[in-house]
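**Student:** any chance you can model this:
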Amino acid sequence: MTNNNYGNEIAEKLAGKIHPIQIKLEIFLLLIFFIGLILIKVNIEIATLLINISLSTFSILYFIMAYWKACETNNKIQLFFNKLIHWSFSVAILGILFTVQRYPGASMMLQVGIYSMIFGLIGILVQKIKYKKNEKLIGPNIIRALIILVVYSGIYLKGDIDELRSLDNQNKNMKQELIKDK
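**Tutor:** Numbers count the residues shown, from 1 in each chain. Down below sits the predicted model:
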């Protein structure tokens, strides 16, 4: 076993342990994310923390799940598209996080994540049609991609980013006042 394969084997084992509870984790993290969005409306300080933790955890989850062998096949193209789609989910979610936090590079990260996600989904659909005609076309990865697109569109179009920034500014001002009082 070489050092290069050792990292892949560890990631595969970790992904294998996560896979049985992946959907439960996704639902839990999605609830935390939406609770964070609701708490922003009420101006509760922990809202941005909940959003940051949920999106970061989502990104890590999808990066690790790229190593799960979804199909026991020797078809390298199917394995490539499986890894591509999960890495794309990871990058797109980080792009959403960067957009929410107004970090530099958010636009580029979103473009790379969304375009590679679309390319990966097309590849997966072509592979499903080509090799498994009996399998349903709409699988969990397509649903995940649609949820990512809806969340991004909702945040981008709704304009809650300004509210997130104002909440962060309020937190910074409160911290500065506490430091001055000491």
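**Student:** list the buried residues for stretch 53-65?
**Tutor:** 54, 55, 57, 58, 59, 61, 62, 63, 64, 65 (16 or more other C-beta atoms under 10 Å). Quick note: C-beta positions are derived from backbone N, CA and C, even for glycine.
**Student:** these two touch, right, the third one and residue 28?
**Tutor:** No. At 9.3 Å, residue 57 does not count as touching residue 28 under the criterion of C-beta atoms under 8 Å.
**Student:** now do the shared contacts for those two.
**Tutor:** Shared contacts of residue 57 and residue 28, defined by C-beta atoms under 8 Å, 6 or more residues apart in numbering, are absent.
**Student:** what's the burial count for residue 131?
**Tutor:** Residue 131 is flanked by 13 other residues according to other C-beta atoms under 10 Å.
**Student:** same question, residue 122
**Tutor:** 11.
**Student:** beyond the one helix or strand it maps to, next helix or strand please.
**Tutor:** Here residue 122 sits within helix 106-131, counting by DSSP states H and E. For helix 106-131, the following helix or strand on the C-terminal side (DSSP H and E) is helix 140-158.
**Student:** which strands and helices sit next to the helix or strand where residue 7 lies?
**Tutor:** According to DSSP H and E, residue 7 maps onto helix 3-18. Helix 3-18 makes packing contacts with helix 47-65 when contacts are defined by 3 or more C-beta pairs under 8 Å, 6 or more residues apart in numbering; DSSP states H and E.
**Student:** what is the rounded mean pLDDT of the helix it packs on?
**Tutor:** The average of the pLDDT scores along helix 47-65 is 92.
**Student:** that helix - contacts with which helices or strands?
**Tutor:** Secondary-structure packing of helix 47-65 (3+ C-beta pairs under 8 Å, 6+ apart): helix 3-18, helix 22-41, helix 76-101, helix 160-181.
**Student:** mean neighbour count, those: which tops it?
**Tutor:** helix 76-101 (a mean of 20; mean count of other C-beta atoms under 10 Å).
**Student:** and it with helix 140-158, angle?
**Tutor:** 20 degrees (axes from the mean of the first three to the mean of the last three C-alpha atoms, to 10 degrees).
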